[in-house]
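Asker: test case, fold it:
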Amino acid sequence: MVVSALCAFPVAPAAQDASTEAAAAFDQGTQYFGRGQWALALESFQAAYRLRAHPAVLLNVATCLDRLGRAVPAVTEYQRYLRLRGSGIEHERRRFVDDALRRLTPQVALLAVALPAPGAAVAIDGTLVVIGEDPIVVPPGPHRVESRASDGRYTRVDILADAGSRQNVALRFPSGPSQAAPGQATVPAPATPPAAPSPQPRSDGDPAAVVAPGREPRDGGGWDPSLRWVGLGATAVLGGLLVYTASRTLALADEYERTDDPETRDEGLTYRTVTEFVFFPATLLAAGFTVLAFVFAADTDESPGTTAAVLPMPDGLILAARGSL
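Answerer: Predicted coordinates for the structure are as follows:
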């Protein structure tokens, strides 16, 4: 049993319905994932995210895209997962993502695009992108980067992106208003600066990846593995000592009844004293360790969501997730 104290806030029926639908879609995605149906799992995660977003499931989304061989959106989602989760990522998950990026990055190219003016629209190969903290991930090869301002100024840069490279793309507008030649301008002039949560992946016709809901353990949630093993070891040692001294006391008492030997009696009293001395701390430690194991081993978030984890296994990956919306 996990005991937690949470403040109760009223939830609108519509929000409850969305959470329920998101949990159902997410659970469906985990079932597809477990059967190796990556495309269906990705669709379910996308549907769940549209109802309730949470950055934790970006790990699931990226893994599905990776399994589908879509390196460009997979790298995009892995990058976004690292940025949004920050220092809250567990060590094993961080190592898993770093390994995936080391494997996938040589297959793609990264473009760090500098806006020529605030609010300017940017397109790569005719597809609008949003410039954020993460570099834009593109397949290796030639690309056209265009930008247009609200006053009509237009510029473009043609580049050749090598596999595994990271390039800085500096866009500059001409000093005065200008128009591109017919057929060249593919970037609409924005009325207001575009707003989007993060750059969308673009890869040889692949649709932009959408993320699914989930949650990871709270930052600092759980307990340190070394502390867990120390507590378990101390409990085992005291428990073993308690069993030994108690059994030895009973054996000596039985022997004393048969022989009436004073030395046997004294030894039995000594073991009984040790048993009584060990019993209380052993019981207290065992009870406390059990409570801590239940309380802190439950990796929960403060907000409703679903738990998701992609774990590396010897024969591949396994995703463990449970809806709790």
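Asker: CA atoms for contacts and neighbours, from now on please.
Answerer: Fine.
Asker: in the stretch 1-150 of the chain, where is pLDDT below threshold?
Answerer: For the stretch 1-150 of the chain, applying pLDDT under 70 flags the ranges 1-15.
Asker: and the helices in it?
Answerer: Taking DSSP state H, counting those that start in this stretch as the test, the helices found in the stretch 1-150 of the chain are 13-34, 38-51, 58-67, 71-85, 91-104.
Asker: out of the ones you listed, deepest packed?
Answerer: Of those, the one with the most neighbours on average (mean count of other Cα atoms under 10 Å) is helix 58-67, at a mean of 25.
Asker: which strands and helices sit next to that helix?
Answerer: Applying 3 or more Cα pairs under 8 Å, 6 or more residues apart in numbering; DSSP states H and E, one finds that helix 58-67 contacts helix 38-51, helix 71-85, strand 306-313.
Asker: just send these back as TSV, with distance to Leu232 too.
Answerer: Compiled in TSV, the helices and strands packed on helix 58-67 are given as follows (distance: least, Cα to Cα, whole Å):
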stretch	distance to Leu232
helix 38-51	38
helix 71-85	31
strand 306-313	25
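Asker: who wins for proximity to Ala22 among those?
Answerer: helix 38-51 (4.3 Å; Cα to Cα).
Asker: got a list of contacts for the closest one?
Answerer: Residues outside helix 38-51 that contact it (Cα atoms under 8 Å, 6 or more residues apart in numbering) are 18-19, 21-26, 28-33, 57, 61, 64-65, 67-68, 209-213.
Asker: the spatially closest residue to Pro142 that is not a sequence neighbour sits in which helix or strand?
Answerer: Leaving aside its sequence neighbours, Pro142 sits nearest to Leu160 (Cα to Cα, 6 or more residues apart in numbering; 4.3 Å). Leu160 is part of strand 154-161, with elements assigned from DSSP states H and E.
Asker: tell me the first helix or strand C-terminal of that strand.
Answerer: strand 166-170.
Asker: on that earlier part again, show the pLDDT at the residue nearest to Pro142.
Answerer: In this model, Leu160 is scored at 96, pLDDT.
Asker: and it, how many neighbours?
Answerer: Leu160 has 12 neighbouring residues, counting by other Cα atoms under 10 Å.
Asker: that one and Arg67, how far apart?
Answerer: Counting by Cα to Cα, to the nearest Å, the gap between Leu160 and Arg67 amounts to 27 Å.
Asker: test my guess that the residue nearest to Pro142 contacts Pro139.
Answerer: No: with contacts defined as Cα atoms under 8 Å, Leu160 does not count as touching Pro139, sitting 10.4 Å away.
Asker: what's near enough to touch Thr105?
Answerer: Residues near Thr105 by Cα under 8 Å, 6+ apart: Val75, Ala163, Gly164.
Asker: do that again at 6 Å, thanks
Answerer: Contact partners of Thr105, counting by Cα atoms under 6 Å, 6 or more residues apart in numbering, are Gly164.
Asker: related to what we said a few turns ago, nearest to Ser147, of the helices of the stretch 1-150 of the chain?
Answerer: helix 71-85 (21.3 Å).
Asker: just the CA coordinates of the closest one, formatted as PDB?
Answerer: Coordinates of each C-alpha in helix 71-85 appear next as PDB, following Å, rounded to 0.1, in the frame of the first residue of the first chain:
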ATOM      1  CA  ALA A  71      15.900   8.200 -37.600                       C
ATOM      2  CA  VAL A  72      15.000  11.800 -38.200                       C
ATOM      3  CA  PRO A  73      11.900  12.100 -36.100                       C
ATOM      4  CA  ALA A  74      13.300   9.600 -33.600                       C
ATOM      5  CA  VAL A  75      16.400  11.900 -33.000                       C
ATOM      6  CA  THR A  76      14.000  14.900 -32.800                       C
ATOM      7  CA  GLU A  77      11.900  13.300 -30.000                       C
ATOM      8  CA  TYR A  78      15.000  12.000 -28.100                       C
ATOM      9  CA  GLN A  79      16.400  15.500 -28.100                       C
ATOM     10  CA  ARG A  80      13.100  17.000 -27.000                       C
ATOM     11  CA  TYR A  81      12.800  14.400 -24.200                       C
ATOM     12  CA  LEU A  82      16.200  15.200 -22.900                       C
ATOM     13  CA  ARG A  83      15.400  19.000 -23.000                       C
ATOM     14  CA  LEU A  84      12.000  18.800 -21.300                       C
ATOM     15  CA  ARG A  85      13.000  16.200 -18.600                       C
END
